[in-house]
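*Asks:* Okay, sequence plus prediction incoming.
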Amino acid sequence: MGVEVATLTSTALRAMVPLTLAAVGEVITERSGVVNIGLEGIMLMSALGAAYVSYFSGSPYLGVLAGVAVGVAVGLVHGAVSVHLRGDQIVAGVGVNILAYGVAVVTLMRVWNSYGQSPWVPKVPRIPAGPLGEISWFFPLTLAVAAASWYYLFRTKGGLRLRAAGEDPAAAEAMGVNVFRVRFLATVIGAALSGLAGAYMSVDYVGQFTKQMTAGRGFIALANVVFSNWNPLVAVGGGLIFGFFDGLATYLEIVMRSPAMGFLLKTIPYAATLAIVSAAVGRVRPPAAVGRPYSRE
Amino acid sequence: MGPGTGPEPVVSMEGIVKVYRDGTVALRGVDFSVLPGEIHGLLGENGAGKTTLMRILYGELRPTSGRVLVGGREASPRGPWEALESGIGMVHQHFTLIPVFTVMENLSMVIPGGSLSRIGDPAVREKAEEIMGELGLPVPLDARVEDLPVGIRQRVEILKALMRDVRVLILDEPTSVLTPLEVRELFSLLGRLRERGVTVIFISHKLREVMGITDRVTVLRRGRVVGTVRTGDVTESDLARMMVGREVEMEIERRPPSPGGVLLSVEGLWVRGEEGGWAVRGVDLEVRSGEVLGVAGVAGNGQRELVEAITGLRRADRGRVLIAGREMTNSPPRELYRAGLAHVPEDRQGVGLIMDFSVAENSVLGIHDGPPFSGRWVMRWDTVRERAAEIVRRFSVVVPGLDAPARHLSGGNQQKLIVGREIMKGGKVIVADQPTHGLDVAATEYIRRLLLEERDRGAAVLLVSTDLDEILQISDRVVVMYEGRIVGGGRPEELTEERLGLLMGGAAG
């Protein structure tokens, strides 16, 4: 039993990383007043970019950098569309998600001549961690990113300005905040963290790229944002809870060895997400101006 | 005092022109300057361009042409952060505070500092406490702004500007949200600021306040400077005349009224405004069949809330509204329409039309859910289109087609569509709120004529307008609203513009 608990815990911890990283990034973006529902697409494309670079360079670290770079690139586009061109943020995000799937399939075909997955790619080495066996260094990194983001948002001047842009951009601007720049940067940083989450999926968590590997984690991360009440530290807790159900599904699948039940078990994380978010809504308070493009005059 | 001998202006603006993106010309070449250590009033009616001019000075708007000089050097600010940098602060009429932040957090917002620097710097708090002590401006620093009353929020705004050591402080209609006691406190605070060498620009339409507190006054009218005078050299009446002015007007023939029975009556109406305070304080009105009652006043004196309460868009807390003798207080709009009310709202794009709906759809809004436009379950689109075509023909609405979205119509044609729709309802009472605001001369004249035709048909027309020419031109009786009350009125031919200006400025009982 002790072994099983340990297995379940380490599975949950591993599943927690991408859910938390992407959620923390989106908390930063949404606190500034921009919604990016393209997390799923960013994660998928970053996972692909990381696998690609890791495969051809032999360095998983370069792969991680590539994943972040993909996130930054998408963030630049989403930021330009949402902030400067005042486009519809939901439509832009949906566009990213759809684009990502196409990019994944085409790249797999062109590069590896495969319909569904890449070959194995070099993985980031693990670090030993006592009873949990080995853990990914992404785990402490995630905690550090969440803590730093919390500190930035709630304890620094920059964080104050960022939150002001998401609460009342007109007032923020009147107080000397460059709303456009703040929102643009917050969008890029948020997308970069989703990119990091995607890189983790392919060059750490799994060790290859598959075309459906993100499996809705970008959307669960969005749910985690709401659950966290837009607080990066709470998002770690949310990541653990959502990660636990993810781990539970995997674990039960292995234990029960029933393919028929397998499909049902796979729905656990999603059903749990729905239930948790339904409970959270009404108790949380989103940034007042989130999703609304800002324009002067 | 000739040029070169007097003190250099702290700020001057030269040849400022502002044309908004929608083509509205707000400023038509304004020269404006303020001297160090003076309280300078900026007086004018709504739409005169006072706020636009000051938002340009504060860097929130870019002028279409013209330049801004600060301390003699050209410094057109690209944003408020640059204006603050050069020592110019502004307190907006609508507060620019983040409600969920504490006072300290709001104050920290304007203190420059690297984005990684910690908030809650004790030096910031010390400075705030020092200013509060010196100026007698107490504010609870750790309270959340959303929990503070309006008067205190304004102090936070002023404190916030002073945290940046501004040399020029712009106050936009600062007294509009204050109680008389708070106004007195504000004025003594402004006096203390002047003693410290801060230049104050005081935007207002209230004559008595401008007379009481300012050293010099610049009067704006329709985007132009009428003049800059020393306050001591003029009387309230002079300022009223400068503010209201008189322009060449269009001639509209008006038959003598033949008032019949009372169709709309409002008795002792009290209505709360957005901020929760009383916006309408016990208004009584009667409009008879065959007459136009004009409600004049500077915007923000309760007219909007009055109209909203009459038309069912806002709850009246006390008092009664009767339509054709039937008590209809706080009835839903649909029932009011059925009782014979027609409403031409102030916000034609937000309330009057659904911009993405077609001309046809918009032409039956409000009466769409009953015969002849709708059957039991489905709309009768051919009848709807017939009605739309009739409105378009009869009221000369220029439309690309009946299926074109209302968005594609010009402002004047949007308004004709609304007025046409409301008139076609054949109502007994027409409430028209700013019916010609922003329209060109031809459309303005046409709509005024239509309202008069409706009057002659026997409708009771309640015209609410901040445009005095409009009020005087088509009203049979006029009342003036000031701070939620009706402060006076009479027949248009008995009212001089001076008298109206004084009433609107709250300077005459």
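*Replies:* Everything's here; your move. Numbering: from 1, shown residues only, chains lettered A, B, ... in the order given.
*Asks:* Work out for me the element the residue of the stretch 351-500 of chain B found nearest chain A sits within.
*Replies:* Nearest to chain A, among the residues of the stretch 351-500 of chain B, is B:D356, at 13.9 Å (C-beta to the nearest C-beta). From N, CA and C alone the C-beta is placed, and that goes for glycine too. Counting by DSSP states H and E, no helix or strand carries B:D356.
*Asks:* what do you get for A:Y151?
*Replies:* Assigned by DSSP H and E, A:Y151 falls in helix A:138-155.
*Asks:* what does that helix rub up against?
*Replies:* Contacts to helix A:138-155, defined as C-beta atoms under 8 Å, 6 or more residues apart in numbering or on different chains, come from residues A:13-14, A:16-17, A:20-21, A:24, A:27-28, A:31, A:124, A:158-159, A:162-163, A:193, A:196, A:200, A:204, A:231-233, A:235-236, A:239, B:116, B:118-120.
*Asks:* what about the nearest residue to the residue of the stretch 351-500 of chain B closest to chain A once chain neighbours are set aside, how many residues close to it?
*Replies:* In space, and not counting its chain neighbours, B:D356 is closest to B:P405: 5.4 Å by C-beta to C-beta, 6 or more residues apart in numbering or on different chains. Burial of B:P405 is recorded as 16 neighbouring residues (other C-beta atoms under 10 Å in any protein chain shown).
*Asks:* ok, now A:G291?
*Replies:* 17.
*Asks:* Any figure for the gap between it and chain B?
*Replies:* Distance, A:G291 to chain B, by C-beta to the nearest C-beta, to the nearest Å: 17 Å.
*Asks:* can you map out the helices along the stretch 1-150 of chain B?
*Replies:* Chain-ordered helices for the stretch 1-150 of chain B, with DSSP state H, counting those that start in this stretch as the definition, fall at B:50-57, B:80-85, B:103-110, B:122-135, B:150-163.
*Asks:* Spatially nearest residue to B:S12 (excluding sequence neighbours)?
*Replies:* Per C-beta to C-beta, 6+ apart, closest to B:S12 is B:S33, 3.5 Å.
*Asks:* The one you found: what's it in contact with?
*Replies:* By C-beta under 8 Å, 6+ apart, B:S33 lies in contact with B:P9, B:V11, B:S12, B:M13.
*Asks:* same question, B:M54
*Replies:* B:M54 neighbours (C-beta under 8 Å, 6+ apart): B:L42, B:M90, B:I170, B:D172, B:I201, B:I203.
*Asks:* what bridges to the second one?
*Replies:* By that I understand B:M90. B:I170 (DSSP bridges).
*Asks:* That one and B:E173 touch, don't they?
*Replies:* No - contact between B:M90 and B:E173 fails when scored by C-beta atoms under 8 Å: they sit 11.9 Å apart.
*Asks:* More neighbours: these two, which one.
*Replies:* Set side by side, B:M90 and B:E173 show unequal neighbour counts under other C-beta under 10 Å, the larger going to B:M90 at 26 against 20.
*Asks:* Distance of the more buried one relative to B:L169?
*Replies:* Using C-beta to C-beta, to the nearest Å, one obtains 8 Å as the distance from B:M90 to B:L169.
*Asks:* part of a strand, is B:D284?
*Replies:* Yes - under DSSP: H, G, I helix; E, B strand; the rest coil, B:D284 falls within a strand.
*Asks:* which residues touch it?
*Replies:* B:D284 makes contacts with B:V266, B:E267, B:G268, B:L269, B:I486, as judged by C-beta under 8 Å, 6+ apart.
*Asks:* Just the buried residues of these.
*Replies:* Buried members of the contacts of B:D284, counted by 16 or more other C-beta atoms under 10 Å in any protein chain shown: B:V266, B:E267, B:L269, B:I486.
*Asks:* Tell me the one of those nearest chain A?
*Replies:* Using C-beta to the nearest C-beta, B:L269 comes nearest to chain A of the buried ones among the contacts of B:D284, at 32.1 Å.
*Asks:* and the closest one, helix, strand or coil?
*Replies:* strand.
*Asks:* Go ahead and confirm it touches B:R315.
*Replies:* No - if you go by C-beta under 8 Å, B:L269 and B:R315 don't touch, sitting 11.0 Å apart.
*Asks:* so what sits against both of the two?
*Replies:* Going by C-beta under 8 Å, 6+ apart, residues that sit against B:L269 and also against B:R315 are B:A309.
*Asks:* quick revisit: quick check on the residue of the stretch 351-500 of chain B closest to chain A: phi, psi?
*Replies:* phi -90, psi 0 (degrees, to the nearest 10).
*Asks:* contacting residues around it?
*Replies:* The contact partners of B:D356, by C-beta under 8 Å, 6+ apart, come to B:P405, B:A406, B:R407.
*Asks:* of those, closest to B:T329?
*Replies:* Among the contacts of B:D356, B:A406 lies closest to B:T329 (C-beta to C-beta), at 31.6 Å.
*Asks:* what's the burial count for that closest one?
*Replies:* Neighbourhood size, B:A406 [other C-beta under 10 Å]: 24.
*Asks:* which residues are contacting stretch A:172-184?
*Replies:* A:32-34, A:79-80, A:82-84, A:161-162, A:164-165, A:169, A:294, A:296, B:58, B:60, B:79-81, B:84, B:90, B:92, B:96, B:98, B:106, B:109-110, B:112, B:160.
*Asks:* Right, I'll leave it there.
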